[in-house]
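Chemist: Dropping a prediction and its sequence here:
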Amino acid sequence: MNQRSISAYNLPERVAAYDADMELMHPNRSKMVQIALEVMPFEPDARLTALDLGIGTAYFTERFLAAFPRSTVYGIDGAEAMVDLAKARLGNRAESVDFRVGDLRDLEELLSDVKRIDVAYPLTPSII
């Protein structure tokens, strides 16, 4: 994603409409997330370390933490406005997320202090 694309997701009107837009573009996204969580080979009480590439509004992370509440998530996004919306969506669960704003092309640098990742999930549910 180039800098212009990332900047587009820092526009308040774009961020406010993001989830509604996703429901139109990916009408089965809820089912895709449900299936992805069901096939994960972990017990619900597992202490997992997850990576959300493009956390956006935390749609997937919210469900992941509901399924695996003892887990920690590294949530990366290029747009600070999206991270702010993710924090609002997660409420108290945001304490389980280490939010990092940056370009995914700099992933090695963004995660240089992370020693282990058990689960990584994609930029969009359409590629699950």
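Modeler: Right, received. Where do you want to start?
Chemist: and A36, what element?
Modeler: Assigned by DSSP states H and E, A36 belongs to helix 29-38.
Chemist: what does Y74 give?
Modeler: Taking DSSP H and E as the definition, one finds Y74 inside strand 72-77.
Chemist: residue ranges of the strands in the protein, please?
Modeler: Using DSSP state E, the strands of the chain run over 49-53, 72-77, 97-101, 119-121.
Chemist: Save those as TSV, and put in mean neighbour count, mean pLDDT and distance to T61 too.
Modeler: Bear in mind the C-beta positions are built from the backbone N, C-alpha and C, glycine included. Output for those, formatted as TSV (neighbours: other CB atoms under 10 Å; pLDDT from 0 to 100; distance: least, CB to CB, whole Å):
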stretch	mean neighbour count	mean pLDDT	distance to T61
strand 49-53	20	95	5
strand 72-77	23	95	5
strand 97-101	19	97	6
strand 119-121	17	91	8
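Chemist: List the pairing partners of the strand holding Y74 within its sheet, with orientation.
Modeler: Here strand 72-77 is paired, per DSSP bridges, with strand 49-53 (parallel), strand 97-101 (parallel).
Chemist: can you tell which of those is closest to A120?
Modeler: Closest of the strands paired with strand 72-77 to A120 is strand 49-53, at 4.2 Å (criterion: CB to CB).
Chemist: Report the distance from that closest one to the chain centre.
Modeler: Taking CA atoms, centre = their mean, to the nearest Å, one finds the center of strand 49-53 at 7 Å from the center of the full chain.
Chemist: show me what contacts Y121?
Modeler: Counting by CB atoms under 8 Å, 6 or more residues apart in numbering, Y121 touches A36, A50, L51, D52, L53, F60, F64, I128.
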